[in-house]
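**Student:** Predicted model, plus sequence, below.
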Amino acid sequence: MAIRSFFLFILFFSSLSPVFSLYEDQVGLMDWHQQYIGKVKQAVFSSQRAGRKRVVVSTEENVIASLDLRHGEIFWRHLLGVEDVIDGIDIGLGKYVITLSSGGSILRSWNLPDGQMVWESSLQGPNHSKSFLLVPTNLKFDKDNVLVVFSNGRLHAISCIDGEVLWKKDFEAESFEVQQVIQPPGSDLIYVVGFAASSQFEMYQINAKNGELLKHESASFSSGFSGEVSLVSTETVVALDSTGSILLTISFQDGKISSQQTPISNLVEDSFGPAVIIPSSVSGIFAIKTDAVTVFIRVIGKGKLEVVEKTTHEIAVSDALSISKDQQAFALIQHASSEIHLTVKLAHDWDGNLLKESVKMEQQRGLVHKVFINNYIRTDRSYGFRVLIVMEDHSLLLLQQGEIVWSREDGLASIIDVTTSELPVERDGVSVAKVEHNLFEWLKGHMLKLKGTLMLASPEDMAAIQSMRLKSSEKSKMTRDHNGFRKLLIVLTRAGKLFALHTGDGRIVWSHLLRSLHKSEACQSPVGLNLYQWQVPHHHAMDENPSVLVVSRCGPSSDTPGVLSFVDTYTGKELSSLSLDHAVVQVIPLPYTDSTEQRLHLLIDADKHAHLYPKTSEALSIFKREFSNIYWYSVEDQNGIIKGHALQCKCTGEVADEFCFDTRDLWSVVFPSESEKIIATVTRKLNEVVHTQAKVVADQDVMYKYISRNLLFVATVAPKGSGEIGSVTPEESWLVAYLIDTVTGRILHRVTHHGSQGPVHAVFSENWVVYHYFNLRAHRYEMSVFEIYDQSRADNKDVWKLVLGKHNLTSPISLFSRPEVITKSQSYFFTHSLKAIAVTSTAKGITSKQLLLGTIGDQVLALDKRFLDPRRTVNPTQAEKEEGIIPLTDSLPIIPQSYVTHALRVEGLRGIITVPAKLESTVLVFAHGVDLFFTQLAPSRTYDSLTEDFSYALLLITIMALVAAIFVTWRLSERKELQEKWR
Amino acid sequence: MKWVKVIVSFILTLSFLSFPSCGFESDELLVDDEEFGLEGAPQHRSPEPIPTRSPPVTSPTRKRHSDLDSDSKIHFSLDHAFGDSDFSPAGTFSARLKTWSHGGQTLTKLRFSRNSFSDVEKEKFKNLLESDDFYRIRLPSNVLSPPGRDFIISSVKARCLPRESLDEHFVIHMEGVNVLAVNYGSPGSCPYPRNLKLPAKWSFSSHTVLKNSEQAPRAPVFTEEILGGENAEGEVVQPAERSFWAKYWMYLIPLGLIVMNAITQAMNMPEDQATGQVPAQGQPSAGAVQRGPSSAVRRR
């Protein structure tokens, strides 16, 4: 009986939900997946003689990865958590990758060949400090290599094999700031040097065998210190004084501190402003950088300094690489217009170059940020060098023999914003030869497919079919297609680079490092903020290329001036850029376009002035017409206040600016600061299409959805409960969900979830909101839905009213009317915690919706919206079942086939973007994090098109066979008739 | 002793309720949330405020009459502004502050007395009507220590208010003693092409509603019932199957008969067709008629 009911249950579900899933051979047909690692912070080359050459890197996305040195492919990679920032990596014993992360509190060891974790140990310490990881090659405790880690004010010696702490030594002195930890090769000593009380230089000499403090010396420098120190030999460091104008050469030979001060002006005549030491570890040489020049200085003997080179070019230096017992080499990269010059020098011989190469470099990559050097033995037994360079756009390149061997676009691992653009329309004039070739290919392909369907194909044929399907040139064309599957994804990365990715195969069509996001005098640390569709030509402006607006600002705080740039999406050219004299706090794309299809945008600055763009008189006249109908809101989540605003009049500034407007506050919602804190605000997508307002429910009844573009979902939690899950008891934690009309400030719905806690992920579409939070009482995640229905239109059910025109369906809606709405809500348990949530959106809004949930496992799960229907009941009536209402269950099902990402993972998932295709049934989904994933979804299956593998040839052959049969039978019957007649 | 207290407070409340609304010419309305909730709001209402939601009890202000009573009367003022002018007092809300045994405080029995417009204000309001501008109101965000953190502002197009008199509708969203938001507008609809219409009577008819937070419906918890529930499901499906026959037998039997009839006819057809086929040859029909039987005859 139980089994039967179970089967019934399964049957019931499988028949109800159109299970979205792929067959194995469909993987890669419509989807693509790209793996990235992020901007490389540190790279260590594996010194293994045998086996494949590899380089281990740690990145700013908290990834450690092992890359193939020949092709740049990823052997393995691990994404540590967001909080788990990597401080240092190294290779121990030639086969373990050692990583120090989380501010020096977690030390891990990974197996180099396959990336399996070998051990992990957590290191505590008395106070917070810089952390250092040293892997001395010759420091041994009975065959066991020792790792020296300085973190959190404590020096540890750790066994390389099992991660056991051999000894530890605390540095508890109050203001001791560690600057360097040095382990001179060939000795059993460890030096820890640092500053104390900002003017005291401290040196500790420690026995590496047992952690015993051998010597402690200190010397005070009245001028203080600034910035980092540079290590010029194992017993000498160079530091700068607090003004940045005097160089201090401090040596602590044999435990005695001696120092020498050299004003920078003695070395460099034309230096202005404070200098900074460029961190490097080349013995005998260090580099300082002032405003305009970079100076390389050699230390000769007892603190004597000598300038060896001065350059005004942008420069990057690698760490030293010891190539033989007493020889160290380092790489130097200088920029010169479109080339970069790579020189490899020996540390003690500045004038002689081991290697000098020039490599052509695209402008789009910007400056070289980091250099890592590695050597190899050439076929003629001499030393060869290759360097790994990290560029301004976060890409990673390997240079060898004057060429770029491979490059990785790792900027794509940190996407800030995404928008889409249509491709150009296909022009006529296809050559005949191409058609013939295509025809032959087409026929061949279809014959193969036919064989496949008739099960006549051999394994080779099957392979050919599969590769043909995967490589279908159709999907990667650079023109617009009928179904709207081919588009450009325009992505803005944290490096300030704009990429256009083709949706067909994910290749980079163009990339552009925004000039406006370059560091400049006026704009010290520009950050890209958002992308907006500036111009989407259709109808009467077909000849124009579409363009996007990139909004950025000159610093991390919101009151720094903004920068706008306009980029053509077909070519990737920056059309123009504007440096604004006001800040950009909020950007509001208005639903109006001018005659060239440029969208009007309203930019709100920090002083609550509104600025209209584009600054043309036409835009202004359009804007004036709609002046009184423009409302917006602002959320001050620190204060817990939401305000509504409207436009007032022209700015009253000293300079007359007719595109600037004053604003006024219309309404405000003030959340009591002692009981509520805003943690999430969500609105509907601006471009969402709703097919119909009416929803036919069971018994031929109609409900009208309350559809307004001006709704805001707000979630607040108790201030105590805004921390991590489990930090509060259910009694002192609650979550309140609001639905606020942003024109009038009305609260349309307000509901409290007691004993619940954030983080809240919410999505708002049509007339419903779905949000995800944690229920402390049930110890489970929950998802709630509420749907809002308009009652003022509920009287329009009478057919006669509709016939006689006595309905109010066409009357304009004013939000100043008192809304008559009802809300229905329901909560369900859900197993996963979420990273992102999105909803599918289709061209006309007819197709049913699916929620796309970015799970904690970095996958995207599609969940039918019908599971989150507040009208679900335990025993739906027959009519309700026909409508498609699923019987109520307490938790939402996770159907393994409905993972959109199938077997793949989008590491570090941050966002899911859905874009409607032209074909109503299909939606394009782009998920980004450290990895990128793109696919097409059909929430209600592709009811409006034939599937990819539909055999046209079979159809054609069938038709032909039928036609032939008709002719044959006709002939036969005629003949028979004739015979009849002659009989 | 306790009983006496309760009875006294009860009598007090009663006497307060029965007391005729005094003073101003505004026709004030005594409405409570329970009586005048938004239509159709889900009825999942917590029977009483939840203790944890209430903020710490603030020190009683001068406006509270007595601290001994669990109920005390408080006032807070409503300010208004015409367009962008400054705010000026426009009326007073009075309510009873109910202190629950567990320390929470809520407002009940909200009353509102509206000051009538002075001539200057009338003039200003007329200007608003002409320019279709906003009439703005504000409330303190904390009723015990006004204005609290900030004022709660709300506004409406002035043209939405005039009907016979000036009709206004307040929905005040409360959280303990904090005012969260106020929804202000006309009690009914305000159709979009807002026409200029002066009120016949320059007095306000005000409606006020106090709203507290509702509790969300709990996620349904099935523990044992899951299997049972589905079992019941299966049993429901089967009767439906049987009832199909019961329902449609009257259509199905004639259909069956028709089908059977058609089949028997089809079985008879071939012979007829064999004879009937010959005429359809595009020959003159007269000839066919003549020849048809003859061939049949011949065959026989």
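**Tutor:** Perfect, I can see it now.

**Student:** looking at chain A, which helix or strand is least sure?
**Tutor:** helix A:2-16 (a mean of 47; mean pLDDT, DSSP states H and E).

**Student:** Next secondary structure element downstream of that helix?
**Tutor:** strand A:32-34 (DSSP states H and E).

**Student:** buried residues in that next one?
**Tutor:** A:32-34 (16 or more other C-beta atoms under 10 Å in any protein chain shown). From N, CA and C alone the C-beta is placed, and that goes for glycine too.

**Student:** Briefly note if stretch A:822-838 comes near chain B.
**Tutor:** Yes. Under the criterion of C-beta under 8 Å from any C-beta of the partner chain, chain B is reached by stretch A:822-838 at A:822-829.

**Student:** Next, the buried residues of that stretch.
**Tutor:** A:822-830, A:832-838.

**Student:** Sort out which of those residues are in strands and list them.
**Tutor:** A:822-830, A:834-838 (DSSP state E).

**Student:** can you list those residues in JSON lines and add pLDDT?
**Tutor:** Below are those laid out as JSON lines (pLDDT from 0 to 100):
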{"residue": "A:822", "pLDDT": "89"}
{"residue": "A:823", "pLDDT": "91"}
{"residue": "A:824", "pLDDT": "90"}
{"residue": "A:825", "pLDDT": "90"}
{"residue": "A:826", "pLDDT": "90"}
{"residue": "A:827", "pLDDT": "91"}
{"residue": "A:828", "pLDDT": "91"}
{"residue": "A:829", "pLDDT": "92"}
{"residue": "A:830", "pLDDT": "91"}
{"residue": "A:834", "pLDDT": "92"}
{"residue": "A:835", "pLDDT": "92"}
{"residue": "A:836", "pLDDT": "93"}
{"residue": "A:837", "pLDDT": "94"}
{"residue": "A:838", "pLDDT": "94"}
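
**Student:** where do the helices sit along chain B?
**Tutor:** Along chain B, counting by DSSP state H, helices occupy B:2-18, B:119-131, B:225-276, B:285-299.

**Student:** Lowest mean pLDDT across those helices, which one is that?
**Tutor:** In terms of mean pLDDT, the lowest-scoring of the helices of chain B is helix B:285-299 (a mean of 39).

**Student:** helix/strand/coil for the residue lying closest to residue A:319 once chain neighbours are set aside?
**Tutor:** Once flanking residues are discounted, residue A:319 sits nearest to residue A:281: 4.9 Å by C-beta to C-beta, 6 or more residues apart in numbering or on different chains. The assignment at residue A:281 comes out as coil when based on DSSP: H, G, I helix; E, B strand; the rest coil.

**Student:** Tell me how many other residues surround residue A:281.
**Tutor:** By the criterion of other C-beta atoms under 10 Å in any protein chain shown, residue A:281 has 17 neighbours.

**Student:** Same check on residue A:403?
**Tutor:** Residue A:403 - counted by other C-beta under 10 Å - has 10 other residues nearby.

**Student:** With the one 5 residues further on instead?
**Tutor:** When neighbours are defined as other C-beta under 10 Å, residue A:408 has 20 of them.

**Student:** For it, which residues count as its bridge partners?
**Tutor:** Counting by DSSP bridges, residue A:408 is bridged to residue A:396.

**Student:** OK, contacts around it?
**Tutor:** A:36-37, A:67, A:72, A:395-397 (C-beta atoms under 8 Å, 6 or more residues apart in numbering or on different chains).

**Student:** So which of the residues you listed is the closest to chain B?
**Tutor:** Nearest to chain B out of the contacts of residue A:408 is residue A:36 (C-beta to the nearest C-beta; 38.5 Å).

**Student:** one step back: need the max-distance pair from the buried residues of stretch A:822-838.
**Tutor:** A:822 and A:835 (33.0 Å; C-beta to C-beta).

**Student:** Quantify the burial of the closest residue to residue A:304 other than its chain neighbours by counting its neighbouring residues.
**Tutor:** Spatial nearest neighbour of residue A:304, excluding adjacent residues (C-beta to C-beta, 6+ apart): residue A:260 at 8.0 Å. Close neighbours of residue A:260, defined as other C-beta under 10 Å, add up to 15.

**Student:** helix or strand for residue A:260, which one?
**Tutor:** If you go by DSSP H and E, residue A:260 is part of strand A:258-263.

**Student:** got it, and residue A:90?
**Tutor:** strand A:86-92.

**Student:** And the contacts of that strand?
**Tutor:** Here strand A:86-92 has contacts from A:41-42, A:44, A:46-47, A:56-59, A:62, A:64, A:80, A:97-101, A:103-104, A:109, A:112, A:131-135, A:145, A:147, A:151, A:160, using C-beta under 8 Å, 6+ apart.

**Student:** quick one: strands adjacent to that strand?
**Tutor:** Short version: by DSSP bridges, strand A:86-92 pairs with strand A:96-101 (antiparallel).

**Student:** Check which element follows the strand it pairs with along the chain.
**Tutor:** Heading C-terminal from strand A:96-101 (DSSP H and E), you reach strand A:106-111.

**Student:** So in that sheet, which strands flank that next one, and in what orientation?
**Tutor:** strand A:96-101 (antiparallel), strand A:117-122 (antiparallel).

**Student:** Please enumerate the helices of chain A.
**Tutor:** A:2-16, A:264-267, A:432-453, A:459-471, A:617-625, A:799-804, A:878-883, A:952-982.

**Student:** any chance of these in TSV, plus mean neighbour count?
**Tutor:** Output for the helices of chain A, formatted as TSV (neighbours: other C-beta atoms under 10 Å in any protein chain shown):
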stretch	mean neighbour count
helix A:2-16	13
helix A:264-267	16
helix A:432-453	13
helix A:459-471	13
helix A:617-625	14
helix A:799-804	10
helix A:878-883	14
helix A:952-982	11
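
**Student:** Chain B: which of these is closest?
**Tutor:** Using C-beta to the nearest C-beta, the nearest of the helices of chain A to chain B is helix A:2-16, at 4.5 Å.

**Student:** roughly how far apart are residue B:260 and chain A?
**Tutor:** 31 Å (C-beta to the nearest C-beta, to the nearest Å).

**Student:** What residues of the strand holding residue A:260 count as buried?
**Tutor:** A:259, A:262.

**Student:** so who does residue A:709 touch?
**Tutor:** Here residue A:709 is in contact with A:684, A:686 (criterion: C-beta under 8 Å, 6+ apart).

**Student:** next one: residue A:299
**Tutor:** Contacts of residue A:299 (C-beta under 8 Å, 6+ apart): A:232-233, A:236, A:238, A:249, A:284-286, A:305-306.

**Student:** Brilliant, that's me finished.
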